[in-house]
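Peer 1: Next comes the sequence, and after it the predicted model I'd like to discuss.
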Amino acid sequence: MPIWLEVIVRTLCSAVILFILTRMLGKRQISQLSFFEYITGITIGSITAYLSVDVDTHWYLGIISMGVWFLVSLGIEYLQIKSKLARDWIDSKSTILIKDGKILEENLKKEKLTNDELLEQLRKKSIFQTAQVEFALIEPDGEINALLKKEYQPLTPSHLGIKVSPEPEPQTVIIDGKIMDEPLATNGLNRQWLHTELEKLGVSLDNVNLGQVDGYGQFYVDLYDDKIQVPAPQEKATLLAQLKKCEADLEMFALSTKETSAKQMYGACSERLLKIIDEVKPVLSR
């Protein structure tokens with residue numbers, strides 16, 4: 001076999017083996033790497049490279065070496081799952097870098113970080129003053145997380161004592177101009193409804209790059225032709241307007257009738273509907 005052909009075969013085989021081993025090791029190998037996983041990734045990658053081009057080396061020796069590293073890495077991951085002590089020793093622990101707005105210089109030196117690097121990481125999280133930070137720590141994977149002091153945290157409905165209903169999961173019903181039947185069925189919809197919505201927007205199915213339906217039944221599309229302006233969904237606004245109209249009608253009926261019992265009934269219904277409008281308005285207005 002010619003050397004160039006042997007290199008091609010070795011490279012393809014090495015790539016397949018490396019892909020299989022990486023998939024078996026799990027997604028952590030490509031996301032949050034511990035020290036050992038980082039070393040394992042470099043080593044297996046280097047072995048794969050040598051196995052591809054070093055034609056003087058027996059190919060099975062490289063595969064054996066990769067297999068040993070794979071088994072060792074698998075054993076370490078199993079040990080980490082079973083033992084917290086092993087996790088702390090292999091992955092290390094989180095280290096506090098800022099506490100009560102004060103930078104802990106000794107911990108910063110321990111993690112080989114400079115003030116400039118710390119400030120850079122804080123700026124990526126839209127934090128520009130260390131005095132605003134309650135505490136910040138560096139995770140075992142090297143990421144820095146920070147918690148702002150109470151007075152600097154963004155205002156949320158919970159701070160105002162407002163209960164917010166959970167946001168239903170949006171469903172992607174069109175991808176690359178093709179209808180996804182399963183997400184449609186999840187929201188209790190069908191193709192006929194979808195085609196009706198497309199007709200309302202005045203767009204064809206083959207021009208839709210992405211179509212999504214939120215939990216409230218509003219339909220959003222992204223078109224291939226970016227020059228076409230798609231009108232925003234009006235279902236929520238229409239429902240809110242209809243509720244307000246009903247409340248106004250009830251109030252008008254209460255004012256126009258001369259019968260006492262009817263006046264009281266219309267007035268009570270108007271008040272109850274007004275309370276319902278106040279409750280649903282935050283949902284229908286966003």
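Peer 2: Everything's here; your move. Numbers count the residues shown, from 1 in each chain.
Peer 1: use CA for all of it now, contacts and neighbours both
Peer 2: Noted.
Peer 1: Contacts only, for residue 213.
Peer 2: Going by CA atoms under 8 Å, 6 or more residues apart in numbering, residue 213 touches 170, 171, 172, 173, 219, 220.
Peer 1: Contacts only, for the nearest residue to it once chain neighbours are set aside.
Peer 2: Leaving aside its chain neighbours, residue 213 sits nearest to residue 219 (4.6 Å; criterion: CA to CA, 6 or more residues apart in numbering). For residue 219, the contacting residues are 197, 211, 212, 213, 233, by CA under 8 Å, 6+ apart.
Peer 1: Give me the pLDDT value at residue 219.
Peer 2: As predicted, residue 219 sits at a pLDDT of 87.
Peer 1: any idea how far residue 184 is from it?
Peer 2: Distance from residue 219 to residue 184, counting by CA to CA, to the nearest Å: 11 Å.
Peer 1: Run through the helices of the stretch 51-200 of the chain in chain order.
Peer 2: When assigned using DSSP state H, counting those that start in this stretch, the helices of the stretch 51-200 of the chain occupy the ranges 59-82, 84-91, 105-110, 115-123, 181-186, 191-201.
Peer 1: Quick one: those as CSV, columns for mean neighbour count too.
Peer 2: Shown next, in CSV, are the helices of the stretch 51-200 of the chain (neighbours: other CA atoms under 10 Å):
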stretch, mean neighbour count
helix 59-82, 15
helix 84-91, 14
helix 105-110, 14
helix 115-123, 14
helix 181-186, 15
helix 191-201, 14
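Peer 1: By mean pLDDT, show me the worst of those helices.
Peer 2: Among those, helix 84-91 carries the lowest mean pLDDT (a mean of 71).
Peer 1: circling back: could you identify which of the contacts of residue 213 has the most neighbours?
Peer 2: residue 173 (26 neighbours; other CA atoms under 10 Å).
Peer 1: do you know how far that residue is from residue 271?
Peer 2: Residue 173 is 40 Å from residue 271, by CA to CA.
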